[in-house]
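Sharing a model that was predicted from the sequence below.
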Amino acid sequence: MLAGPTAVGKGTVVRAVRRQHPQVWVSVSATTRPPRPGERHGEHYRFVSESEFDQLVADDALLEWALVHGRARYGTPRRPVEHALAEGRRALLEIDLQGARQVRRSMPGALFVFLGPPSWDELVRRLVGRGTEDVAERDRRLATARAELAAEPEFDVSIVNADVRRAADELVELWG
């Protein structure tokens, strides 16, 4: 399980794991937010409507879910994770702090990895550099990021994402 603040590069590190370590199964989260440019349904996220997300929650079809940045809901579909684990595969979940806390309660034996930025200034630079959020949304995300950074001690291991390839390798090496 990999979590960390907004713009730390979780998605970028997970994509590197997919490329460099195809033996690792990576969960695809469901979200109610619209796709960003270049994102594809089923590959980056499973983009769903509010009512579809409500149904996933009602059916207990999500391992975890949360309202993130006060805007969109994200969640991890339960069945694919359980299937991958039943097959004995390494499963990687990219989730936020709220989701990590939920998974901690339901899967206490999982390895919880915090992905941190090299510095606060670098985190801000990455968020601004994405160019995908307006000023109000950036401010909201940065406020959330401060709380997420403070939660680092809740995790089993921390990795600093100064170099994507190195961070991906460190993550996979944790499984031995």
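Sure thing, it's come through.

Mind jotting down where the helices sit in this protein?
10-20, 50-58, 78-86, 97-106, 120-130, 135-150, 164-173 (DSSP state H).

which strands and helices sit next to the fifth one?
Think helix 120-130. On a contact count with 3 or more Cβ pairs under 8 Å, 6 or more residues apart in numbering; DSSP states H and E, helix 120-130 meets helix 135-150. Every C-beta, even on glycine, is put in place using the N, C-alpha and C of the backbone.

by contact count, what packs against the helix it packs on?
Using 3+ Cβ pairs under 8 Å, 6+ apart, helix 135-150 sits against helix 120-130.

what does stretch 11-29 rub up against?
2, 42-46, 74-77, 80-81, 84, 89-95, 115, 161, 164-165, 167-169, 171-172, 175 (Cβ atoms under 8 Å, 6 or more residues apart in numbering).

Can you tell me how far Tyr74 is from Phe112?
Plainly put, Tyr74 is 17 Å away from Phe112 if you go by Cβ to Cβ, to the nearest Å.

what about these two, which has more around it?
Each of Tyr74 and Phe112 has its neighbours counted (other Cβ atoms under 10 Å); Tyr74 has more, 23 against 19.

quick one: contacts for that one?
Contacts of Tyr74 (Cβ under 8 Å, 6+ apart): Ser29, Ala30, Thr31, Thr32, Arg33, Trp65, Ala66, Val68, Ile95, Asp96, Gly99.

Who is it paired with across the strands?
Taking DSSP bridges as the rule, Tyr74 bridges to Thr31, Ala66.
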